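Trainee: Sequence plus predicted model, see below.
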Amino acid sequence: MASTAPSEASDPELLATAWDLEPLVDGEGQDGVEPRLKDALARAQAFAARHAGKLEQLDSAGLREAMGELAEIYELVGRAGYYAALRFATDTADPANGALLQRVQEQETTIQTTLLFFELEWAALAEDRVEQLLGGDGLDFCAHYLRNVRRYREHLLSEPEEKILAEKSLTGANAWTRLFEELTSAIEVELPGADGAPETLALDVALSRLALPDRDVRRSTAEAVSAALAPGLRTRAYLFNTLLADKATDDRLRHYPHWLAARNLANEASDESVAALVEAVRGRYEIARRWYRLKAKLLGVERLADYDRMASVTEDQVSFPFAQAREIVLDCYHSFSPVLGELAARFFAHHRIDAPVRPAKRGGAFCAAAVPAVFPYVLLNYTSRRRDVLTLAHELGHGVHFALAARQGVFHQSTPLTLAETASVFGETIVFGRLLEEDSTPASRLALLAENLVDTIATVFRQVAMNRFEDLVHSDRREHGELSVERFGELWAESQSELLGDSVEITEGYRSWWSYIPHFIGSPGYVYAYSYGQLLALAVYERYEQTGAELVPRYLEMLAAGGSRSPQELGEIVGVDLADPGFWEAGLDLVERQLEQAEAAAQASGRL
C-alpha cells in the first residue's frame, strides 16, 4: 500500500523523470529542427511542381506513390514540430523555446500552403473516379484518410482563400492559443506553507489541495485560486472573445451550420449522435446530484460548496512515491496483456515521461503521439496523490494506443477524439480495480470508490456541462457580440447550476474558473469527447469482465487499427454498437451502479 507523501526533494526518481527529445531529431538537438523543415519544404515544392493541377491524371499506382511522398514530408514536419512543441510545454517562459515554436509554426504553414492543392483537388474529383483509384492495391495506409478528406468538400474554399486563412492563422488563432498557454502556465497561487509562512504554488499543485480532507484548507485554497485568477481575467476574457469571433467567421465562410459542426465532422460523429449523447447525459444529471448529496453526509456538512467536490471522504490521505506508481501501473498493464505491459515499460526505460511539477511547465497531463517512427511522449504534473497514479495509467493508455497504431503510419495512427479516450480510460479502470482489490478496510475502500466516482462524474457529467457552457458562449457571442467578464461568469454559473441543482453551492469566486481551461481555447468543442470516450470505455470494460481473456486480442486489434476505420467499425471489433440508440443509456447505467457501490460502501463503513 501507499506511504506518507514524499516531498519532491525526497523523491529523486520523480525529479529525474524527464523527456529525451533527441530521437525526434536523431540526436542533433535544436540544430536538427531547421534542416528537417528545409528538407520538408523542398520536397513539398517538388511535389507541387509534379502534381498540382494534374491529380486527376494519376492512376492507383501513382496515387500510392504520391501518398508515400506526402507521408515522408509529414514525418519530417512532425519531428521538427513535436520537438519544438514539447520543449515549449516543459518551459513556456523560456524565450528560446517560444521563438523556436514560432519559427516551426511559420515554416509548417509555408509547407501546408504549398501542399493545399492536393486535398482540394482530391475533394473535387468525381465519386466514381475516387472509388476507382482507391480500388487499387497498396492504398490501405491512406484510404480512410482520403475518404475523410472528401467529407469536407462542401466546407472547403478556393486554393487562394485557403492559403490566406492558413497563413493568417499564425498571427490569429495559433498566436492567441500560445498566449493563453503562456499566461496560464505563469499563474501562481499564494497559500500558507507548513510553517505558516506564505508559499507560492503552481496552479496545478494548488488545485490538488482541493482533495484534502480539511474543509477550511479547501475553502482557503479555492479563495486563493480565485484570487490568483483575478489579475489576468480581463485579458483571458478578451482572448476568448477573439477566438470565439474568429471561429464564428471561419464557420460562416465554410458554411458550417452551427459552432459544433466542424468538431463533429472531425470526430466522424453525426450531429444527431452527439446531440443524443449530450441529452442522455443531461437527462441523468441526478446521478451526479445524488452523489454530491451522499458526499455531503460523508463530509458532515449540510450542503457541498464547489470547492468540496474533489474532497477526500476520509482523513486517511494515502500518497504514492513515483516509483511505487510506476510499479503498480506496469504490473496492472502486464497482467492484462504482456504486450501492453512491455509497451508501457518503454515509456520509463526510454525517457518518454516528464513528471515533476516545475515553474512555467504546462499544467495538466497529456500524451503526444509524435510521429509513427518515434515512441510517444507523456507529460504529467505528479503530486504523489492516488489520483496521480490513475492519471499515469490514463496517459499510458493513450501512449500504448499510439504505439500499437504506429504501424498504420502517419495518416492513420491517431483516432478521432470520440475514440481517443478508450484505451486511456480502460487502462485507468484496470488500475483502479487493482487499488480497490488491495484495499481491505471499509473506510479505505470507501475512499477509493469515492475518488473513482469523483473522476467518473467529472468525466461524464462535468464535461457535458462544460460543453453546455461552450454552447452558451459561442451562441451568445454570435448573437450579441463581445462578452464581458461578468457575462462569462454568468454563463459558466448557468451551465454548472444545471448540473449541480441544489446539491452544490456555487460560490462567487468559482465564476472565474472557466478561464484556465485550455480546451475552450485551443480545441473548441473537444470536451464532449471525454464523456463519449468514458462511456465507451466502460462498455468495453464491462465486456471484458463478462468474457475475460477472450476479449484481449480483439481489444489489441482495435487499438492497433488506429484511425484506419470509422468509429463504428472500430467499435464492432470489440462487440460495441455505437449506432444503438440505447448505447449511452447503458453506459450511464454503469455509472449509476458505481454510485450504488459507493453507497453500499458508505453503509458498510458505518458513515451513514
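Mentor: Here it is on my side, so go on.
Trainee: Who are the contact partners of the spatially most central residue of the chain?
Mentor: By Cα atoms, centre = their mean, the chain has its centre lying nearest to F366, at 6.4 Å. The contact partners of F366, taken as Cβ atoms under 8 Å, 6 or more residues apart in numbering, are 378-379, 395, 398. In short, each C-beta sits where N, CA and C put it, glycine included.
Trainee: State the distance from it to L86.
Mentor: Separation of F366 from L86 (Cβ to Cβ, to the nearest Å) stands at 10 Å.
Trainee: which neighbours do the two share?
Mentor: L379.
Trainee: So G232 sits against S185, correct?
Mentor: No - the pair G232 / S185 is not scored as a contact, 11.6 Å apart, by Cβ atoms under 8 Å.
Trainee: Would you mind telling me which of these two has the busier surroundings?
Mentor: Set G232 next to S185 and count neighbours by other Cβ atoms under 10 Å: S185 wins out with 20 against 16.
Trainee: pLDDT at the more buried one, what is it?
Mentor: Per-residue confidence (pLDDT) for S185: 91.
Trainee: check contacts around the residue lying closest to it once chain neighbours are set aside.
Mentor: Spatially, and ignoring its direct neighbours in sequence, S185 is nearest to T92 (4.2 Å; Cβ to Cβ, 6 or more residues apart in numbering). If you count contacts by Cβ under 8 Å, 6+ apart, T92 has them with 98, 181-182, 185-186, 360-362.
Trainee: Identify the farthest-apart pair in those residues.
Mentor: Pairwise distances across the contacts of T92 peak at 14.0 Å for G98 and K361 (criterion: Cβ to Cβ).
Trainee: how would you label the residue nearest to S185: helix, strand or coil?
Mentor: Three-state call for T92 (DSSP: H, G, I helix; E, B strand; the rest coil): coil.
Trainee: Local confidence estimate at it?
Mentor: 93.
Trainee: Tell me where the model's unsure across the stretch 351-500 of the chain.
Mentor: Applying pLDDT under 70 to the stretch 351-500 of the chain flags the ranges 440.
Trainee: one more time with 90
Mentor: Applying pLDDT under 90 to the stretch 351-500 of the chain picks out residues 363-364, 385-387, 416-422, 425, 433, 435-452, 454-455.
Trainee: quick one, helices of it?
Mentor: With DSSP state H, counting those that start in this stretch as the criterion, the stretch 351-500 of the chain has helices at 386-405, 417-420, 422-438, 442-457, 463-480, 485-500.
Trainee: do you know how far L100 is from I328?
Mentor: The spacing between L100 and I328, counted by Cβ to Cβ, is 36 Å.
Trainee: quick one: the strands in this protein?
Mentor: For the chain, strands defined by DSSP state E occupy the ranges 188-192, 198-202, 304-305, 353-354, 366-368, 377-379, 504-505.
Trainee: Let me see the contact set for E490.
Mentor: Each residue near E490 by Cβ under 8 Å, 6+ apart is listed here: R511.
Trainee: switch the cut-off to 6 Å
Mentor: Contact criterion Cβ atoms under 6 Å, 6 or more residues apart in numbering gives no residues in contact with E490.
Trainee: give me the number of residues near the residue nearest to A248 when sequence neighbours are not counted?
Mentor: Closest residue to A248 in three dimensions, ignoring its sequence neighbours and counting by Cβ to Cβ, 6+ apart: R478, at 5.1 Å. By the criterion of other Cβ under 10 Å, R478 has 16 neighbours.
Trainee: Surely R478 touches K247?
Mentor: No - taking contacts as Cβ atoms under 6 Å, R478 lies outside contact range of K247: 9.3 Å.
Trainee: what about Q597, how many residues close to it?
Mentor: By the criterion of other Cβ under 10 Å, Q597 has 16 neighbours.
Trainee: pLDDT score for it?
Mentor: pLDDT, Q597: 89.
Trainee: which residue packs closest to it, ignoring adjacent ones?
Mentor: L449 (5.7 Å).
Trainee: and the gap between that neighbour and F336?
Mentor: For L449, the distance to F336 - Cβ to Cβ - is 21 Å.
Trainee: ditto for D502
Mentor: As judged by Cβ to Cβ, D502 and F336 stand 41 Å apart.
Trainee: ok, the two, which is more surrounded?
Mentor: Ranked by neighbour count (other Cβ under 10 Å), D502 and F336 place F336 first, with 20 against 10.
Trainee: ok, now how distant is the residue nearest to the more buried one when sequence neighbours are not counted from A325?
Mentor: Distances taken as Cβ to Cβ, 6+ apart put I430 closest to F336, at 5.5 Å, once the chain neighbours are dropped. Separation of I430 from A325 (Cβ to Cβ): 14 Å.
Trainee: Compare the two (neighbour count), which wins?
Mentor: Ranked by neighbour count (other Cβ under 10 Å), I430 and A325 place A325 first, with 27 against 20.
Trainee: Please report how far that one lies from Y516.
Mentor: For A325, the distance to Y516 - Cβ to Cβ - is 25 Å.
Trainee: returning to that earlier point: would you agree the residue nearest to Q597 is in contact with E599?
Mentor: No - when contacts are counted by Cβ under 6 Å, L449 is not listed as touching E599 (9.4 Å).
Trainee: of the two, who's got more company?
Mentor: Between L449 and E599, L449 has the larger neighbour count (other Cβ under 10 Å), namely 22 against 17.
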